[in-house]
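Engineer: Only the shape, not the letters, is given here:
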DNA sequence: AACCGTCTGTGCGCTAGACCACAGACGTGC
DNA sequence: GCACGTCTGTGGTCTAGCGCACAGACGGTT
């Protein structure tokens, strides 16, 4: 199945799309396209970042890996956000990893340029901070969801959040990888995905998940999904697109 | 047991303590002392905030309450931070609640004043953003911990984080309340606390927890505590105090 | 001193999910 | 078309933690 991956269109990223034409034109020469492969590590635990990345078609997971090797995701970033918030928040590094969860394109911007723009305090700063707040909500809700909800509900949440950040109904993702994201066993994903498949919500074949019935998924998912989605819509949805 | 609660000393808050004398003097007339009672709600889900609060001796929990009434904490703020980050992040409101977890004092600052100061882009902005990044780490680690660690380890983490933000070894806290914070049953806290007590790490009598052996606690806790503590130290610890 | 409300301890059955061990199923490459 | 590696399904055992029910223990009030 050929997937068309054209040159990165920076304005497919919603933060960049929300910039005024002037701001965007000024930034454009500094934006360089990059292509992310599945599983690629964008940054490591505590690693210094030279660039921030604005995904256009890729999705990047933020996750933490324990000393014993188990891991869990705290949030994910797609074309609605930016990877590397530590660069404008001031800390420089974050104590987690960022891994490409869905292959695709992004544009990158040099740290120093970003910081200069941020320091100007204009629209760009406004956007980056609003996105960060939305991300905080996502992480928070992940915390709550991890505590209180079933694997099946969490799988639903995760699939829906990913689906929202893709322009296709098919995710390239093994159960093994999903298990690593959700912080559960692979077999746990198998049974949860099995139930969703029986219900006709998804189809699942060797690393290719297809969302068949979003309606059904939204009925199964816990309230956490709505909270996150509403907050993203509130903070970033009403942005003038271009 | 009488607890001395003097007038709030703004500089007991580490963010305010890190301001230059000039900045601080300018802000001081705008800072008003407040006193928080245990269980008091600082802000509600989605509620508008008129002030931000800099705790000096109080501790405030950020938590989410489900539609079915169960709840879980995402993070807590003491004299090392500020309650109300949505006011400078741009969203105005957050989809969670903030509840006083340990009674004490704070100083408040009017939203508009905060926003003006923040917009100046100076030291105050720098501090607020660094704190926000530290908070993100705390929330992230809560997410991971909720997924992967035992109630006993989480109780340890929670007690240590609280202890770090108090200048006493005694916490006023029923198991019921702790259960609400951790998102577990009250009985679960009873057995976990029982084990810690048997180990001589704490003593526990009707809402009065005493930390007896911090060493012991730090041996029991999961790595999540260290990650959060190190990150707070890194981002805020080296700040010039006054 | 008696009372009552709150807080804590415990016991029991139940379930979700972990851990472990395989078996099949698909698909790519030779 | 065969072989091998990867991905997925399933079954059995084990445990942490839930839900529920209740008993004791403490402490403030009258």
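Structural biologist: Done, it's in. Only a predicted model underlies this, so the values are computations on that prediction, with no experimental measurement involved.

Engineer: right, is stretch A:10-23 up against chain B?
Structural biologist: No: counting by CB under 8 Å from any CB of the partner chain, chain B is not contacted by stretch A:10-23; separation bottoms out at 12.7 Å. Where C-beta positions appear, they are placed from N, C-alpha and C, glycine not excepted.

Engineer: If we go by neighbour counts, what in that stretch is buried?
Structural biologist: For stretch A:10-23, burial by neighbour count (16 or more other CB atoms under 10 Å in any protein chain shown) applies to A:10, A:11, A:12, A:13, A:14, A:15, A:16, A:17, A:18, A:19, A:23.

Engineer: nearest residue to the second one other than its sequence neighbours?
Structural biologist: Take residue A:11 and drop its neighbours on the chain: the residue closest to it by CB to CB, 6 or more residues apart in numbering or on different chains is residue A:17, 4.5 Å away.

Engineer: after the top helix by length along chain A comes which helix or strand?
Structural biologist: Counting residues, the longest helix in chain A under DSSP state H turns out to be helix A:123-148. Next along the chain after helix A:123-148, taking DSSP states H and E as the criterion, comes helix A:151-164.

Engineer: Find me the pLDDT at the residue positioned nearest the centre of chain A, would you?
Structural biologist: For chain A, residue A:77 is the residue whose C-alpha lies nearest the centre (CA atoms, centre = their mean; 2.1 Å). Residue A:77 is assigned a pLDDT of 97 by the prediction.

Engineer: same deal with the one 3 residues further on?
Structural biologist: The predicted local confidence for residue A:80 comes out at a pLDDT of 95.

Engineer: how far away is it from residue B:99?
Structural biologist: From residue A:80 across to residue B:99, the span is 30 Å (CB to CB, to the nearest Å).

Engineer: Next: residue A:179.
Structural biologist: Here residue A:179 is placed at a distance of 34 Å from residue B:99 (CB to CB).

Engineer: who has more neighbours, the two?
Structural biologist: The neighbour comparison of residue A:179 against residue B:99 (other CB atoms under 10 Å in any protein chain shown) goes to residue B:99, with 24 against 21.

Engineer: For the more buried one, give me the backbone phi and psi.
Structural biologist: phi -130, psi 140 (degrees, to the nearest 10).

Engineer: What separation do you get for it and residue A:227?
Structural biologist: From residue B:99 across to residue A:227, the span is 18 Å (CB to CB).

Engineer: and residue A:130, what does it touch?
Structural biologist: Residue A:130 is in contact with A:235, A:236, B:89, B:90, B:91, counting by CB atoms under 8 Å, 6 or more residues apart in numbering or on different chains.

Engineer: The second one: how many residues sit nearby?
Structural biologist: Residue A:236 is surrounded by 19 other residues when neighbours are defined as other CB under 10 Å.

Engineer: In a helix, it, correct?
Structural biologist: Yes: membership of residue A:236 in a helix is supported by DSSP: H, G, I helix; E, B strand; the rest coil.

Engineer: Just to check, it is in contact with residue A:134?
Structural biologist: Yes: using CB atoms under 8 Å, residue A:236 is in contact with residue A:134, at 6.0 Å.

Engineer: what residues does chain A put near DNA strand C?
Structural biologist: A:150, A:151, A:152, A:183, A:184, A:185, A:187, A:188, A:205, A:206 (CB under 7 Å from any atom of the strand).

Engineer: Can I get the buried ones among these as something I can paste into ChimeraX?
Structural biologist: Remark: buried members of these, expressed as a ChimeraX selection using 16+ other CB under 10 Å:
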select /A:151,152,183,184,188
